[in-house]
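Engineer: coords below, sequence missing:
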């Protein structure tokens, strides 16, 4: 059975050739009837040679039966048509068609088949031209006007534009094809065409956020604002200060409301997560003045700046001004650049959610800490003030003693750079406004309150305090000390003992008692059997030494090992004369004196 494609066609004359030539510079497919538009379509044109490959073009035939091309002709609109049969060796069938006879009769499967002429029987001028397909009567089957296409050659590769049919826009659009000089270029000739970039008329992409001084890594965030359910960003390029940072050389599919994050710095590891990329084309984004631009169809005749943003602290350079003027001419920016004189580290420039795109600085706000990959809702976390002791690390000591403190361990969930100020107070008197103040001496005995107050860039504040106690060199152990001083001394001593005991794998009675509330009362009331089992020795097998205290209402018998450990711990921590517990110091002195006589304890 033979499929006729000649119905409802009119005879094509030389006058028709002339009238149809170069009527428009945009791509259009001129077909006489709807039925033929559904039957034949020119799908790909390669006007330039590439990697020693000649010019070629491709067309697609729709159908499910036999197609007889024996009488078909081809023309460039200027010269008389040439028969397909004269160039049978140049005609290549795609995978969905096969030759069934001596003439050019093809059987089509899957309802469509691709055919290409390589090399093309007619010249395909680089500056634009016409391709016409005619039937055996000379009637027009298909015609296309194509514009000038680009080509260039470098040391390492050749590039050229190939015009590819786009189903979304129903037009031929340019795609940039690259081939190394030492490799054979393989293309889609005779096969379904690769997906081309989505036309910028069908979606809107915006620069959504820019961070120029981030702790982790500077970044650029793009947002797909509107568009089709599936958008191909192939050929989209991102530039900073005129330098290419990223180029989607192959198909990359997104949908409306998607966010794309490009982290600028090191390492250069490309795609690291869904819609997240790394590049080291630059160490970071410029913190003085700078520009970001998004370009669609990079390197092709359809190249277009789709969005841009600029920022500055002072005046733009001449080069930067020219770049901004280019954005203004492309109608993607208007007015002054965003002023970042007061922008702090980790803050970003962010687009206001839901605001219309006016292409001015009014579309942007200062975003605390940035939110790469998330919507631009600015939220701030308060800082946490931390006082760290340096040097001897004493808060209780005999005067005069050096107090050396720092606020460097203060934190902020938004990043350390979000902390704006440090204020140090001693007894509510401000004495320093830096993170690491110079050490100073506590000259006079007494109780002092040291306080650190930290504030972040948004004004959130936190403070913390320490009690500092200066002891009188002469009367440091006297009963005239305030109860607060005594309590502070005991607490400090306990903390040091507990800390020491935490590193000791042996159980000892001192940690046992200190861990109990009312430790002194417990020591006064507990029997030695409570203490002694830690040593796993029966009480009656050990000699005992009596220890007395004037204020205690009963006698406590301590086993020798327990008593020796007690003396060792306290002896290491305090000299007998400088013990913070005057009553205990007196009693320990008596025990030591007794043990010296019996030989149980060596000082």
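Structural biologist: All right, it came through fine. Since the structure is predicted, the reported quantities are computational estimates derived from the model, not experimental observations.
Engineer: Where do the helices of the stretch 251-400 of the chain begin and end?
Structural biologist: 318-329 (DSSP state H, counting those that start in this stretch).
Engineer: Strands along that one, start to end?
Structural biologist: 253-254, 259-264, 270-273, 276-279, 289-296, 304-312, 338-339, 348-351, 364-367, 383-384, 388-389, 396-398 (DSSP state E, counting those that start in this stretch).
Engineer: Going by mean pLDDT, which of the ones you listed comes out lowest?
Structural biologist: Lowest mean pLDDT of those: strand 270-273, a mean of 83.
Engineer: contact partners of that one?
Structural biologist: For strand 270-273, contacts defined as Cβ atoms under 8 Å, 6 or more residues apart in numbering pick out 277-279. In short, each C-beta sits where N, CA and C put it, glycine included.
Engineer: Specify which member of those residues is nearest to residue 373.
Structural biologist: Of all the contacts of strand 270-273, residue 277 has the smallest distance to residue 373: 11.3 Å, by Cβ to Cβ.
Engineer: Verify the stated contact: the closest one with residue 265.
Structural biologist: No: judged on Cβ atoms under 8 Å, residue 277 makes no contact with residue 265 at a distance of 11.9 Å.
Engineer: Now render the strands of the stretch 251-400 of the chain as JSON lines, adding mean neighbour count and distance to residue 405.
Structural biologist: Below are the strands of the stretch 251-400 of the chain laid out as JSON lines (neighbours: other Cβ atoms under 10 Å; distance: least, Cβ to Cβ, whole Å):
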{"stretch": "strand 253-254", "mean neighbour count": "18", "distance to residue 405": "52"}
{"stretch": "strand 259-264", "mean neighbour count": "22", "distance to residue 405": "37"}
{"stretch": "strand 270-273", "mean neighbour count": "10", "distance to residue 405": "41"}
{"stretch": "strand 276-279", "mean neighbour count": "20", "distance to residue 405": "40"}
{"stretch": "strand 289-296", "mean neighbour count": "22", "distance to residue 405": "40"}
{"stretch": "strand 304-312", "mean neighbour count": "21", "distance to residue 405": "39"}
{"stretch": "strand 338-339", "mean neighbour count": "16", "distance to residue 405": "38"}
{"stretch": "strand 348-351", "mean neighbour count": "24", "distance to residue 405": "33"}
{"stretch": "strand 364-367", "mean neighbour count": "19", "distance to residue 405": "33"}
{"stretch": "strand 383-384", "mean neighbour count": "22", "distance to residue 405": "16"}
{"stretch": "strand 388-389", "mean neighbour count": "14", "distance to residue 405": "6"}
{"stretch": "strand 396-398", "mean neighbour count": "16", "distance to residue 405": "14"}
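Engineer: Using JSON lines, lay out these together with distance to residue 221.
Structural biologist: Shown next, in JSON lines, are the strands of the stretch 251-400 of the chain (distance: least, Cβ to Cβ, whole Å):
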{"stretch": "strand 253-254", "distance to residue 221": "13"}
{"stretch": "strand 259-264", "distance to residue 221": "5"}
{"stretch": "strand 270-273", "distance to residue 221": "14"}
{"stretch": "strand 276-279", "distance to residue 221": "10"}
{"stretch": "strand 289-296", "distance to residue 221": "10"}
{"stretch": "strand 304-312", "distance to residue 221": "11"}
{"stretch": "strand 338-339", "distance to residue 221": "15"}
{"stretch": "strand 348-351", "distance to residue 221": "8"}
{"stretch": "strand 364-367", "distance to residue 221": "10"}
{"stretch": "strand 383-384", "distance to residue 221": "26"}
{"stretch": "strand 388-389", "distance to residue 221": "36"}
{"stretch": "strand 396-398", "distance to residue 221": "52"}
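Engineer: Show the contacting residues for residue 328.
Structural biologist: residue 334.
Engineer: That one and residue 295, how far apart?
Structural biologist: 16 Å (Cβ to Cβ, to the nearest Å).
Engineer: Ok, residue 61 next?
Structural biologist: In terms of Cβ to Cβ, residue 61 sits 36 Å off from residue 295.
Engineer: and if you look at residue 205?
Structural biologist: The gap separating residue 205 from residue 295 is 10 Å, by Cβ to Cβ.
Engineer: Low-confidence stretches in the stretch 101-250 of the chain?
Structural biologist: Scanning the stretch 101-250 of the chain for pLDDT under 70 picks out 181-187.
Engineer: which stretches of it form strands?
Structural biologist: Going by DSSP E, counting those that start in this stretch, the stretch 101-250 of the chain shows strands at 105-108, 112-117, 129-134, 140-146, 151-153, 157-166, 171-180, 203-211, 218-227, 231-232, 237-240, 243-247.
Engineer: can you list contacts of the shortest one?
Structural biologist: This points to strand 231-232. 195-198, 202-203, 224, 251-256.
Engineer: and if you look at the fifth one?
Structural biologist: Applying Cβ under 8 Å, 6+ apart, the set of residues contacting strand 151-153 from outside is 48, 50, 126, 158-161.
Engineer: quick one: common contacting residues for residue 205 and residue 295?
Structural biologist: Common neighbours of residue 205 and residue 295 (Cβ under 8 Å, 6+ apart) are 236, 306.
Engineer: Give me the number of neighbouring residues for the residue lying closest to residue 379 once chain neighbours are set aside.
Structural biologist: Spatial nearest neighbour of residue 379, excluding adjacent residues (Cβ to Cβ, 6 or more residues apart in numbering): residue 368 at 6.9 Å. Using other Cβ atoms under 10 Å, residue 368 has 20 neighbouring residues.
Engineer: who's in contact with the closest residue to residue 324 other than its chain neighbours?
Structural biologist: Nearest non-adjacent residue to residue 324, counting by Cβ to Cβ, 6+ apart: residue 310, 5.2 Å away. Contacts for residue 310 (Cβ under 8 Å, 6+ apart) come out as 289-292, 316, 320, 323-324, 327, 333, 337-338.
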